[in-house]
Structures are given as C-alpha cells and as structure tokens.
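Peer 1: Give me a model of this one.
(2 chains)
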Amino acid sequence: MEVNIGDVGARGAEAQTKVDGERMALNVGPSHPTTHGVLRLMMDLDGDVITRCEPVLGYLHRGDEKIAENMTYNQFVPYTDRLDYLAPLANNVAYAIAVERLAGIELPERCEAIRVLVCEMARISSHLLGMGVFGMDAGAWTPFMYTFTEREKLYTLFEELTGARFTTSYTRIGGVARDVPEGWLERVLNFCEHLPKAVDEVEKLLTRNRIFLDRTEGIGEVSQEDAIAFGFTGPNLRASGVDLDLRKDKPYSGYEKYEFDVPIGTRGDCYDRYLVRIEEVRQSIRIIKQVIKDFPDGVWYCEDAKKIFAPPKDKILSSMEELIQNFMIVTEGPQIPAGEVYFEAENPKGALGFYVVSKGGGVPYRLKIRAPSFCNLSILENMVPGHMLSDITVILGSLDFVMGECDR
Amino acid sequence: MIDQDFTDSLLEKFSSVSLRHHDDCLTLDCEPNAIVEFLSHLRDEETFDLLVDLTGIDHGQKAEVRYTVVIHLYSRIHRNYLRVHSPAVNNESPEFPSVESVFPAANWHEREAFDMFGITFSGHPNLKRILMWDEYPYFPLRKDFPLAGIDVPLPAEDVVEVTDASVEPAPMMGGPFVSSGDGMMSDSEPRAKDESWTEQAEKPV
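Peer 2: Model prediction:
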C-alpha cells in the first residue's frame, strides 16, 4: 500500500474507500496482553485491515485530581507514584519541582543532583521495560528477560535509597525524604558500568533482526507535523524528528550542567521509537556518571523553607522550635503562597506537567496533571486505521504508554 | 523573545486579549469568542505550535464566572510556555468554543474538561465522556461534588440484575485523610463533612 508520509490519516482514508469484504467489529481490551494495561480499542476490520479504531479509556480512573484538592501537598506525593508507575521517582521529582516553583524556593545543589540522578535511573528503568515488552510484542521473548534482569538491579538500588522498590514516594516539597545511603553512589556507578553490556546484548538480538525490522519499519509512521499537532512529547516526538527535550530546552534541577545528546529519529515509525529509547538509555548512563563524578556536598533539603520542609528527625526530637515546625507542616501542610504555576518535566514517557493553582495554605485549589501517555494515545484514532490487525501490538508497544498515568 | 514588545504587539492586535498577573510564564486573558482566532494567530505567527494542556477550573458556586478554561501552549523557538485564561459562558451549563480545529491535540483534553466539569465545547467533533462512563450523571471535579462520590447505578445491566450492585460512595473514615483548604482543620475533617461512615456503620440519612 502506497502511503503519503505527510498525513497520518492517509492509510485509514485509503482503507475506508476500498472495503473488499464484510466488516467485522473487534474489541481488544480492556484487559488484554497487547494493551499494556487497561486500554480498550473498539475496531472495525475489513479482513485483516483495520478501518476504524476507537480507544476507550478510564478503566483505571481514580480521580487523582479530585483527591489532590483534598489533601496537603506532601500527602499527594504517594499518589504521584501511581501515575507512571514504571518511573515513580521521575513523577515524584516533577511534582515537587512544580510546587517548589510556586513557592519560589531554591534548592541546594546536592538535592538537585540527587533528583537528576534518580530521574535518570527512573528513565533507564522505564526504557528497559519499554524496550523489553516492545520486543515481546514483536515476537521476541529473550530481550525481555535481559532487560528485566537489569531492572531488578535498579529496583534493589531504589529500595536502598527510598525503602521501596516500586512506590518510592521519595521527594518532599523542598527536598527529598532522605540523603543517599553510604556507598550507594558507588553501587550505582557499578551498575552503570555493567548496563551497557546488557543493552548491547538486547541490541544484538533486536536492532538488526530481520523479523523485528519487518514488523516495525514503516509501521505507525507519524510525521513531524502530526506529532506536533497531536501533542506528542518525549521519545515518541523525538522519533518523529522533532528536536524537543525539556532537559535541554528548559533545563530544570540543574540539567544544564551535564553533557548529553538528544537522539532524534527520521521517519517516526515504530522502529525509530525503539532506536530513540535505546540511545536515551546510553545517554542517561552518561548523565549519571557525570552527576556522581561531581556529587555536591552539603544538605539535601531547603533549610530556609521553614514553613515548607520538615526538619531532620534528630532535631525534631531535641529542639522545641523544630518540633513545632514539624507539627505545623504535618498538620497544616507546607504553606504555599497563592498563585498558579505550570511545570513540565521530561519524563521517560514524555512531558509530565503539573498545573497547580493555589489560594494559599497547605492544599492546592486545583491540580491538573498533564499526562504524556494520555496525549500520546490521542493519535491512535487517526494513526491505526489502514494497518493490519497484527500491527496493533507493535504500534501500542512502540508508543510505550502507561494507563495509570493516562487515566489518573 | 517573549518581552514587553512581544506582549504589547499581541495586546495591540487583539482587543479582546488582556494581560494577567503571572509569575512563571506569560499569562493572558482572552474573551471566549476570540479564542479560536487568537490561538490560530499564536500558532501560525508566533510559533506557539504545541498545545500541551487544556483544562478547566471551577471557581465555586458563588463566583461570578464559575468556570475558566486554561490553555497552555509551548513554543520551540521561544522555548517557553504561554498560558491563556478564558471564561466559559453561562454558569449553569457552561459553554466554550472548541479549539480542536486549530490544535487536534485539544480533542481529548476538551473531552476530559467536559467529563470533569461539564463544560460543553461547541464545535467539538466527538464530545463525549472520556474517563467516566457514558451514562455517568455528574461532573466529578466540580467543587460541589463530594470527594466520596455519589451513589449511581452500575453501568452493567446484566451484573445489576444478578447482584443488585450499585456504584457506592467511598467510605471516608480511615482515609483518605481529608484536610481541605478553608477554615479550621477540625471543620474539614471527614466527620465534620458528614463523610465519616464506614462499611460497618452506614451513612446517616
């Protein structure tokens, strides 16, 4: 089938015009191995060609935004774990920075370095899973085993740092929950020394694999114009050849201090999205090594923000003033001035945005979560028609979305 | 560069746009009937070609204008965001012109704002609920909607027939620990809000 790359709907329009046989309605999901969560697709098929695709969401809707309006800023941190639950640390950081921008507080260098470090580790962990299951979607089981082995090591490191493997809840408004444990940085560095070998092995299995290429090249193509128009962000946007990485373009948490390259694709097909992720893992390793090399000393929370960040435990137990400070922050919440702020962080899945409206006090008046997976999926209706049914697995795998974040 | 000149020229071109207090990125107020034209201008002439977010705010039942639509655009040239506030007409059944024709990305965002706030986006090609199910009768992010939820019928008839189940409000005692904004903390606790029932002790009628 000849397809004009400039138009995301071209395949579908062509498929619409020549229906050869009888149309069949097919429902995929909400619980189906292909859909990586509880996404449901209602499709019309003409033989094996999809003529219509309507995504149905909301099966994992928990009302996070409503909940946020009813609790203090720090109480909401655990809820951010459950957005993109494959990179909870990155969500924690994005949320904390958004509120801190509203409060107008500056963080010490050590805290920023810790946050960059955990963000990049979260990115590696998310991309490892993304690549692994993408390979599995395309029929290659083994790479998944390789990437999961590495992810397990990352989880062990997360557990050492935060006390939890999965739901980390690591940041607080104005800092992080605790400093890095002794010897932890060396262990992260050690992990980074070994990871490239595993990535190489995955690449050997996939990147020039004939079957994998046949299944991914030219499938799910999204042009630059369409990627922008439909609000793609993150690796998916960059795979379409748009050079937008918020870590470079609007640096936060000290990303401007580190050297790294932003990989971009040329065609915007499933294969490019895979390549971009592979390269991003390598770049993340580069960033982590730089962070650890010049790891700043000092405190890991904002000492000046007396009404926002609770003091260390030993001081609470020994000093009256700190005890009161801690009590006020726990009961009333961190005191954030009135105003509004929009902050987006470059998360593994794309730009995770928090729009916070405050009327002062310890509770947000409105908190909107701009979830990258939600925006990245909105193109499905236009992109999928015209593809074969078997391409669905590959397209969904390559978009690398998380329904926890999409449905909120 | 987004500087004074940039803002002035925008304000000059559009009489229905005005400047709004802002701390993080340029924020403008825009009349709803000029929003489509204004956004097209921002996209085509001022390089703000990424609509990153569109959402609503409920200012409460007492507010003069109850619902506001907030749009965030991003420009890769300016490397910055731009925020547009625009009031939705009519507090009872709020309405707002759809900007889907300018930014296809707005499609799902508008559906979500409709789903959560009940703002009708006129001209939207497929305005129906996106996160809640189609038959759901309420708009959950409105300020008068209780956190616990409201009893509604289960959307699956065959299940209801056998189990007689319905969608029940969440028991609030024991969490989530509500501590909402205004007034004393003790006034905003679940028991003060009459949301203190549990699975054992039923909600007082």
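
Peer 1: Return the list of helices and strands in contact with the longest helix along chain B.
Peer 2: Identified as the longest helix of chain B according to DSSP state H is helix B:106-117. Applying 3 or more CB pairs under 8 Å, 6 or more residues apart in numbering or on different chains; DSSP states H and E, one finds that helix B:106-117 makes contact with helix A:372-377, strand B:50-58, strand B:67-75, strand B:120-122. Where you see a C-beta, it was placed from the backbone N, CA and C, and this is true even at glycine.

Peer 1: which residues does the closest residue to residue A:265 other than its chain neighbours contact?
Peer 2: Of all residues not flanking residue A:265 in the chain, residue A:272 sits nearest, at 3.2 Å (CB to CB, 6 or more residues apart in numbering or on different chains). Residue A:272 makes contact with A:239-240, A:265-266 under the criterion CB atoms under 8 Å, 6 or more residues apart in numbering or on different chains.

Peer 1: now the residues you listed in CSV, with neighbour count?
Peer 2: Listed next are these as CSV, based on neighbours: other CB atoms under 10 Å in any protein chain shown:
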residue, neighbour count
A:239, 29
A:240, 25
A:265, 22
A:266, 10
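
Peer 1: now, among these, which is nearest to chain B?
Peer 2: Closest to chain B out of those is residue A:240 (12.7 Å), distances taken as CB to the nearest CB.

Peer 1: Chain B versus the closest residue to the closest one other than its chain neighbours, what's the distance?
Peer 2: Closest residue to residue A:240 apart from its sequence neighbours, by CB to CB, 6+ apart: residue A:268 at 3.3 Å. Distance, residue A:268 to chain B, using CB to the nearest CB, to the nearest Å: 16 Å.

Peer 1: what pLDDT does residue A:268 get?
Peer 2: On the pLDDT scale, residue A:268 is placed at 87.

Peer 1: does it really touch residue A:221, like I thought?
Peer 2: Yes - counting by CB atoms under 8 Å, residue A:221 is a contact partner of residue A:268 at 5.5 Å.

Peer 1: right, and residue A:245 touches residue A:233 too?
Peer 2: No - in this structure, residue A:245 is not within contact of residue A:233 by CB under 8 Å, at 9.7 Å.

Peer 1: Look at those two and report which has more neighbours.
Peer 2: Neighbour totals were compared for residue A:245 and residue A:233, and residue A:233 leads with 29 against 24 (other CB atoms under 10 Å in any protein chain shown).

Peer 1: thinking again about what came up before, quick one: secondary structure of the residue nearest to residue A:240?
Peer 2: Assigned by DSSP: H, G, I helix; E, B strand; the rest coil, the conformation of residue A:268 is coil.

Peer 1: For chain B, what's the nearest residue on chain A?
Peer 2: For chain A, CB to the nearest CB, closest residue to chain B: residue A:231, 3.0 Å.

Peer 1: Chain neighbours aside, what residue packs nearest to that residue?
Peer 2: residue B:105 (3.0 Å).

Peer 1: Kindly report the same for residue A:103.
Peer 2: Counting by CB to CB, 6+ apart, residue A:103 lies nearest to residue A:336, which is 5.0 Å off, once chain neighbours are set aside.

Peer 1: Regarding that neighbour, what is its secondary structure?
Peer 2: coil.

Peer 1: domains for chain B, by residue range?
Peer 2: B:4-122, B:146-205 (automatic domain parsing).

Peer 1: how far out from the middle of the chain is the longest one?
Peer 2: Right, domain B:4-122. Offset of domain B:4-122 from its chain centre (CA atoms, centre = their mean, to the nearest Å): 12 Å.

Peer 1: do stretch B:125-139 as well
Peer 2: 14 Å.

Peer 1: buried stuff in that stretch?
Peer 2: Using 16 or more other CB atoms under 10 Å in any protein chain shown as the test for burial, stretch B:125-139 gives B:127, B:129-133, B:136, B:139.

Peer 1: now swap in stretch A:313-321 and tell me
Peer 2: Across stretch A:313-321, burial judged by 16+ other CB under 10 Å covers residue A:316.

Peer 1: how long is that stretch end to end?
Peer 2: 13 Å (CA to CA, to the nearest Å).

Peer 1: roughly how far is it from the heart of the chain?
Peer 2: 37 Å.

Peer 1: Quick check: which element contains residue A:149?
Peer 2: helix A:142-162 (DSSP states H and E).
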